[in-house]
Each structure stands twice: as structure tokens, then as C-alpha cells.
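Colleague: task: produce atomic coordinates for the following.
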Amino acid sequence: MTPKLSAMILAASFAITAGSASAQQDKYALKVPGGLAFAEFRGYESWEVVATSQSPGLKLVAVILANPEMIAAYKAGIPDNGQPFPDGAKMAKIHWTPKMNQYFQDTVVPGTLHDVDFMVKDAKRFADSGGWGWAVFKYDAASGTFAPGTEADKPPQSNDA
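Modeller: Numbering: from 1, shown residues only. Now for the predicted structure:
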């Protein structure tokens, strides 16, 4: 692991903790259209890190987290072994606007929280989308609250998947 990647993961861990502690609302009461709820991902802040990413077009940096079922699937060789992900596998992708690290001037780290995306594998519930349900919850830094994504967002959010 490179020092820059280590710094980004460390900064992301602190930002996850800080973001969850500062929220003034019950984020677990929120749902996107169609019913996918924030509460279905309770505890995502402590899931294992799978990867980090940077989206230059969206000007965001992210960390991707996976629940134990998803981690077990990866360890079993999915998706390379051709097997499907099991129902109950979940991921969270936390996006921040990037900023430069104050101590390492050539290192980008997470800045203000932008949104949290969730994915869950449930073949029956999301049969029309290959078994995957998806939701985005936008974060408003001024109020410290989340709101479900809408059709006006990029990408648009509607009906779970």
C-alpha cells in the first residue's frame, strides 16, 4: 500500500467517524423511493474497506466499504470464479469533495461529506435489476443531515435500483 493511499484511507476513517457523530437527525429513518432504507445499512461505518476511488468528472473522492457477507464472497473468489454474489451482500460508497492534505501537499484527502451510496444484493426484491438494489443519501453539511436522492440528482435516483 502506498503512503498516499494509506493517508487517504486514514483520513476517510476519521471523516466517516466525524460525519456520523455530527448528524443531528435520525438518518436511519430515511428511505429512498421504493423503500430502500438507510436503516438496512446500520453499522456500515465499521465495515471493511474494499477500495478507494476518485471521480474527476464528479470532483469527488470515495471509499468503498463491504459488509461481512460481501467480504466472504470476495475471499471465495467472486466475481472472478463466475459465481453470483449472495443475497445479503452489501456495499457502502462514501463520497467527499476532495481537498489537499495540509501536511502532505501532493496528497488528496476527503473534505466535506457529499453523499453515501448503498447497494444490496436481494435477488427476489430487485429481480428487475439483476438482483441489486441501490440508494443514495445526499449530505447537507450546513444542517448535518441526510436526504434521499431524487430524479434531479446525477445520477438520478428512483425506485431502489
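
Colleague: could you measure from residue 42 over to residue 26?
Modeller: Distance of residue 42 to residue 26, given as CB to CB, to the nearest Å: 11 Å. All C-beta atoms are positioned from the backbone trio N, CA, C, and that covers glycine.

Colleague: check residue 61 too.
Modeller: Distance from residue 61 to residue 26, by CB to CB: 27 Å.

Colleague: quick check: residue 38 touching residue 136?
Modeller: No - the pair residue 38 and residue 136 does not pass the contact test of CB atoms under 8 Å, sitting 10.6 Å apart.

Colleague: what residues of the longest strand anywhere in the chain count as buried?
Modeller: Ranked by number of residues, the top strand in the chain under DSSP state E is strand 108-121. For strand 108-121, the neighbour count (16 or more other CB atoms under 10 Å) marks 108-111, 113-121 as buried.

Colleague: and residue 61 and residue 26? Which one has more around it.
Modeller: residue 61 (25 against 11; other CB atoms under 10 Å).

Colleague: so where does that one fall, helix or strand?
Modeller: strand 60-66 (DSSP states H and E).

Colleague: who does that strand pair up with?
Modeller: Strand pairing for strand 60-66, using DSSP bridges, gives strand 48-55 (antiparallel), strand 90-100 (antiparallel).

Colleague: where does this protein dip in pLDDT?
Modeller: 1-24, 35, 154-161 (pLDDT under 70).
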